[in-house]
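the amino acid sequence is not available; the structure is as follows:
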């Protein structure tokens, strides 16, 4: 009786490389005026982004990314 090897992908799902390379995430809470939050939410919806994505994109300017 001979043993057959299975391909690794059939044995288990491998995480995407992007998931392995991600830095640990932390939560930041901000106190902002409700009207400003609504403007951010509206801008995010218009761009089909989350508020997190919108704010991170805007802050990349200040962190030289």
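Right, received. Where do you want to start? Only a predicted model underlies this, so the values are computations on that prediction, with no experimental measurement involved.

so what's the closest residue to residue 40 other than its chain neighbours up against?
Closest residue to residue 40 apart from its sequence neighbours, by Cβ to Cβ, 6 or more residues apart in numbering: residue 51 at 5.6 Å. All C-beta atoms are positioned from the backbone trio N, CA, C, and that covers glycine. Contacts for residue 51 were tallied using Cβ atoms under 8 Å, 6 or more residues apart in numbering; they are 40, 41, 44.

do you know how far residue 51 is from residue 31?
From residue 51 over to residue 31 the distance is 15 Å, taken as Cβ to Cβ, to the nearest Å.

got it, and residue 46?
24 Å.

tell me the first helix or strand C-terminal of the helix ranked longest in the chain.
Identified as the longest helix of the chain according to DSSP state H is helix 34-46. Note on helix 34-46: by DSSP states H and E, the next helix or strand toward the C-terminus is helix 51-59.

just the mean pLDDT for that following helix, thanks.
Average pLDDT, helix 51-59: 92.

list the buried residues in that helix.
54, 55 (16 or more other Cβ atoms under 10 Å).

ditto for stretch 35-49
Going by 16+ other Cβ under 10 Å, stretch 35-49 has these buried residues: residue 44.

which other residues reach it?
32, 50, 51, 53, 54, 55, 57.

burial count for the second one?
Residue 50 has 12 neighbouring residues, counting by other Cβ atoms under 10 Å.

give me the distance between the closest residue to it other than its chain neighbours and residue 60.
Setting aside the residues directly before and after it, residue 50 is nearest to residue 44 in space (Cβ to Cβ, 6+ apart), at 6.1 Å. Distance, residue 44 to residue 60, by Cβ to Cβ: 15 Å.
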